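In: model this:
(chains A, B, C and D)
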Number of protein chains: 4
Amino acid sequence: MNSFGEVFRVSIFGESHGNSIGAVIDGCPPGIPVTADDFVHDLSRRRSGRTGTTKRHEPDKPEILSGIFNDHTTGSPITVITRNSDKISSDYDDFRNIPRPGHADFTAGIKYSGFSDMRGSGHFSGRITWGLVAAGVIAKKILQPAEISARLISAGGNPDIESAIEKAVLENDSIGGIIECKVTNPRKAIGEPFFYSVESAISHIVFSIPAIKGVEFGSGFSAASMKGSVHNDPIIDGTGRTLTNNAGGINGGITNGNEILFRVAVKPTSSTGAEQRTYDFSTGQLTALKVKGRHDTCIALRIPVIVEAAAAIALADLLLLDRGIHGSRSL
Amino acid sequence: MNSFGEVFRVSIFGESHGNSIGAVIDGCPPGIPVTADDFVHDLSRRRSGRTGTTKRHEPDKPEILSGIFNDHTTGSPITVITRNSDKISSDYDDFRNIPRPGHADFTAGIKYSGFSDMRGSGHFSGRITWGLVAAGVIAKKILQPAEISARLISAGGNPDIESAIEKAVLENDSIGGIIECKVTNPRKAIGEPFFYSVESAISHIVFSIPAIKGVEFGSGFSAASMKGSVHNDPIIDGTGRTLTNNAGGINGGITNGNEILFRVAVKPTSSTGAEQRTYDFSTGQLTALKVKGRHDTCIALRIPVIVEAAAAIALADLLLLDRGIHGSRSL
Amino acid sequence: MNSFGEVFRVSIFGESHGNSIGAVIDGCPPGIPVTADDFVHDLSRRRSGRTGTTKRHEPDKPEILSGIFNDHTTGSPITVITRNSDKISSDYDDFRNIPRPGHADFTAGIKYSGFSDMRGSGHFSGRITWGLVAAGVIAKKILQPAEISARLISAGGNPDIESAIEKAVLENDSIGGIIECKVTNPRKAIGEPFFYSVESAISHIVFSIPAIKGVEFGSGFSAASMKGSVHNDPIIDGTGRTLTNNAGGINGGITNGNEILFRVAVKPTSSTGAEQRTYDFSTGQLTALKVKGRHDTCIALRIPVIVEAAAAIALADLLLLDRGIHGSRSL
Amino acid sequence: MNSFGEVFRVSIFGESHGNSIGAVIDGCPPGIPVTADDFVHDLSRRRSGRTGTTKRHEPDKPEILSGIFNDHTTGSPITVITRNSDKISSDYDDFRNIPRPGHADFTAGIKYSGFSDMRGSGHFSGRITWGLVAAGVIAKKILQPAEISARLISAGGNPDIESAIEKAVLENDSIGGIIECKVTNPRKAIGEPFFYSVESAISHIVFSIPAIKGVEFGSGFSAASMKGSVHNDPIIDGTGRTLTNNAGGINGGITNGNEILFRVAVKPTSSTGAEQRTYDFSTGQLTALKVKGRHDTCIALRIPVIVEAAAAIALADLLLLDRGIHGSRSL
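Out: Model (predicted):
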């Protein structure tokens, strides 16, 4: 449930306004150089601060509880946490009775019979992805020399991202976006048929990130309109390089050595300053709701590094699994 | 790898031209009425025979090896197989040296060091989904009264599906399609945060199906162009019913009781009669290839029932997992 | 539930008097030479026929359904089954109402709400270990050059095994026994702390075998009476060889390269010709029961090869897991 | 590896002299009353302080990082840690080159290629069981009204435990012991055939505890000397109560409602004040070693509460798994 992976296993925990959030990373090879500083770059990319992101500012300083010694992984579980500090829980008082549309308020209330800690959206908060990004830092090291990079390629349907966000801020509304992720120089032969294909593994973990509505690989949804003679990627040399990359670097669920390419759709932040209609379960009446609190205008701005981390974790797990079954190999 | 699920666990096995293909279903509650006849309807929907599907005709008769007694599930693992009969393996002789573009020939060759049985594409064949459909028959019974139905909503980019297929047959090419799947009357509160959200579970298993390039829930990729004030689904009564369904029936990874809705993109069948460019690894030269053998013009025609099965398996597993943690409940 | 292993995964299925019993072996490296003949030796060691074993004689001929091609493993799931043939189900008619003491009749009845197929003890029969032995044949190949051998070292508390069994046959009673299993030439550094120690993995799978009451490693229960200065095994050379082997070849859950040594206690077969007291749930009265049917006087006679298989499966899984995390290495 | 359980999942982390040790408990039902005080009783039973236990005194105060809100479990992962404080790492300087006999020094060195943090035996220390005991506190609440109690029934082979320990302290040596664990009032029908029998689950987790050499259920090793007519437990009433309990409360891997009974053998603490022979890998010479540092004379004194926790975790997982498959039921 809150863990992912067969060999390289990541567990995350924490609530938005609880004591701490964090991750446990098990099945990590020993001897990988890691210091607390290594987490800073990716964690800061995930942080707020830019136009279009929330005014909640968390220092997000990582504290290593276990698994790293003499600046190297030891092979025992790595635990990294950060304390929550900038909390204004009163903003969330009414959402049990008057659930915010588009949020988990209603579903969490039912599922956990009223016991979940929904301050700041609790375990459903995007804040929980902090642990994912921390684990991703380790996973990326395992995948080297492969490199993963994701970026926002459109916001609100518009490739001019900055102006789209500025407009949304002015309108006191929120917008979505599309993120593209590339893995260059991936090892070949990663991915396990049938149920643990590269697409299965990546989509599984990417859809765990709050606000994701779609995932597509290579040609993606446009493949549905293409002919086979056009869609097939001709192999052009003995390394398996292809002329086109409609496959997104994956055939039969297994990496073919070309760039891995996928895109994810991010919905507009559910919390907007605009007035929303919803239902008041305490009165049994329809009602209007203006969500207070501090929220992101375009959460998609902060998600590229999370998508990178998710992909890195999935691929690192598949890499170690391939190595377990087939032995070390350079492909 | 070849199994899926935490409580309700499905394992599949077999190769396209091997002895048999099948599935083992573990963690299934006892006392569910099941006979061999119950598999017939869905398995026949998966079979070929219509225009646009392969000329390989398999009887696909299910044989129950274990787990069903007196026409009921017993609680021990259910094993269902079918024998392969209509095999023409000679069609597949050359693909080790001259891999078909868009297929797993190249990646499987590398991954399994030449040991995989690639006759009829072996374990990578769409034929392996037979076991998935068989397991889906049981899963659908567990989910009742929820009903799952998937259908092809476009082929080759065209909603007029029959004519699109006829045109492709004439052109000796293949086309893709888009499948929409709906789950009506789903139980609320299914889905486990963080890593086992409904979207994670469904996308994981759906992306295991060969030829799938994208999965989107509710508003899907169009969410990226929407504003939050428009995207959020207003709750309109005490049962949690919403006015719109951009969420696809899922908030925070958990079913909200509205219809679960997702779409999948299917690529055009990689095997087409059209001449393809590829690489001959035995000569080290570029070459041209015309794929012989019997193939589907539009594999998407046969995939709706497989998507239903995949969704049913994922949801049945989540339902039993919810029941394990929270006890029986009617929501 | 009915599967074991993290990387090398074995699933078993079948009932004693059902259609077939078998195993699916997933996560097996490709390229291992395997033919149907390879299963014969171990499966015949498991079969009945000797004095002290049941009169039910099954041919137990293995049929390979998938995963082996050109006499080698392919890397996709291996499925092996055998048909049940010599069945006399009428022997088992009354045990729902009048459960045999020492059997699973009562617990299975409750657990599966009366739906389990208890003919021949169904899924609880020792017959189900056929699949374990078949999977063990593959696992042993993975572990080479390590060799596993188990043997019965006492029966009915007596090292003179043959005479103990003859006496029990005469008395129309059953007896237990102790089996010792040794793994010579094991690779070092196998075993995962914390929860997947060698002892954890082996005991987990060994206790799945019906009739096992105890498992001990190295000095075992006698360690409780020893002093540390005596129990500790002095290391005597640079390979890690120890003077004594109270550790049973395992320190901190990890193999140290010395012989792995463990013993298991097997209870006397629950089915004996002697009259038993039990309870008749249909009348609500205490009653006497003489178990008919064909049973083993000393089931421990047939268990050594099953224990070998269980240990081989556990160690093969740990070996592949170690290789996944640490890469190929010769230790 | 460092996690256990299918539905109720416990992960542990930490090293003896690292920052913190702890546990993450996932799959825990919401609404269970828990405060930090609830951990005190069992954690104090695990602590040192009595004659025969180490002079290292840790406050062991639990800090709850997540998953508990308003003094109840929330349904999201519970994380509990404690800081390490009383560390004298210099005691452990030489053990890489001169491994202590009976310890994990040699095996950990090989397995983790020298990267493991072996200060205070690191992740191999008995100190890591702190997290197990913390998780056990939650598991015991899930199992109510069943009660679990374990106690030391002999030390150094002697039922007069206090005098055996005093003698060992005087001799500057260490001794082992036998612990008996009983679960009274267990729910019936817990346990999953084939591979997740009650014995499999309990032995798996109990053998994870450092120093355990054997586990036996009910009659255990003595069963090997018994006749079936004696060993079988006659059922004496309609609740399934049996006259004797050689089965240890388990038939066919499933609880029968009688007391669950098992015993574990604990070896003498490997660290003794007595001079030991071992090998110096830096010089390639045999050498003598006197282990300094602070150690338990009889570690078995501190293990009963750990065995209780282990059994509680295994049974809680099986209980939730049974509930998932079969629904809530009172048996």
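In: the residue of chain A found nearest chain C - nearest residue in space that isn't next to it in sequence?
Out: When scored by Cβ to the nearest Cβ, chain A has A:Gly324 as its residue closest to chain C, at 2.8 Å. (Each C-beta comes from the backbone N, C-alpha and C, glycine too.) Spatial nearest neighbour of A:Gly324, excluding adjacent residues (Cβ to Cβ, 6 or more residues apart in numbering or on different chains): C:Gly324 at 2.8 Å.
In: which pLDDT value belongs to the residue of chain A closest to chain C?
Out: With respect to pLDDT, A:Gly324 scores 98.
In: in what helix or strand does it lie?
Out: Assessed by DSSP states H and E, A:Gly324 sits inside helix A:304-326.
In: which elements pack onto that helix?
Out: With contacts defined as 3 or more Cβ pairs under 8 Å, 6 or more residues apart in numbering or on different chains; DSSP states H and E, helix A:304-326 has these neighbours: strand A:3-4, helix A:40-46, helix A:129-143, strand A:147-155, strand A:177-184, helix A:198-206, strand A:260-266, helix C:304-326.
In: repeat that for 7 Å
Out: helix A:40-46, helix A:129-143, strand A:147-155, strand A:177-184, helix A:198-206, helix C:304-326 (3 or more Cβ pairs under 7 Å, 6 or more residues apart in numbering or on different chains; DSSP states H and E).
In: residue numbers of chain A in contact with chain D?
Out: A:1-3, A:11, A:13-15, A:18-20, A:24, A:26-27, A:30-31, A:64-67, A:69, A:72-77, A:79, A:81, A:112-113, A:115-117, A:122-123 (Cβ under 7 Å from any Cβ of the partner chain).
In: and chain B, which of these contact it?
Out: Answer for the residues of chain A next to chain D near chain B (Cβ under 7 Å from any Cβ): A:Met1, A:Asn2, A:Ser3, A:His123.
In: now the buried members of the residues of chain A next to chain D.
Out: By neighbour count, with 16 or more other Cβ atoms under 10 Å in any protein chain shown, these hold A:1-3, A:11, A:13-15, A:18-20, A:24, A:26-27, A:30, A:64-67, A:69, A:72-77, A:79, A:81, A:112, A:115-117, A:122-123 as buried.
In: among those, name the ones in strands.
Out: Those of those mapping onto strands are A:3, A:11, A:13-14, A:20, A:24, A:26, A:64-66, A:69, A:72-73, A:79, A:81, per DSSP state E.
In: what does the stretch 1-150 of chain A put close to chain C?
Out: Close to chain C, as judged by Cβ under 7 Å from any Cβ, the stretch 1-150 of chain A has residues A:Glu6, A:Val7, A:Gly27, A:Pro29.
In: from the ones in strands among the buried ones among the residues of chain A next to chain D, which two are the most distant?
Out: A:Gly14 and A:His72 (25.9 Å; Cβ to Cβ).
In: out of the helices and strands packed on helix A:304-326, which gets nearest to D:Ile142?
Out: helix A:129-143 (25.5 Å).
In: and the contacts of that closest one?
Out: Helix A:129-143 is contacted from outside by A:8, A:10, A:12, A:14, A:21-23, A:25, A:28-29, A:32, A:34, A:38-39, A:42-43, A:46, A:60, A:62, A:78, A:80, A:82, A:148, A:209, A:305-306, A:308-310, A:312-313, A:315-316, A:319, using Cβ atoms under 7 Å, 6 or more residues apart in numbering or on different chains.
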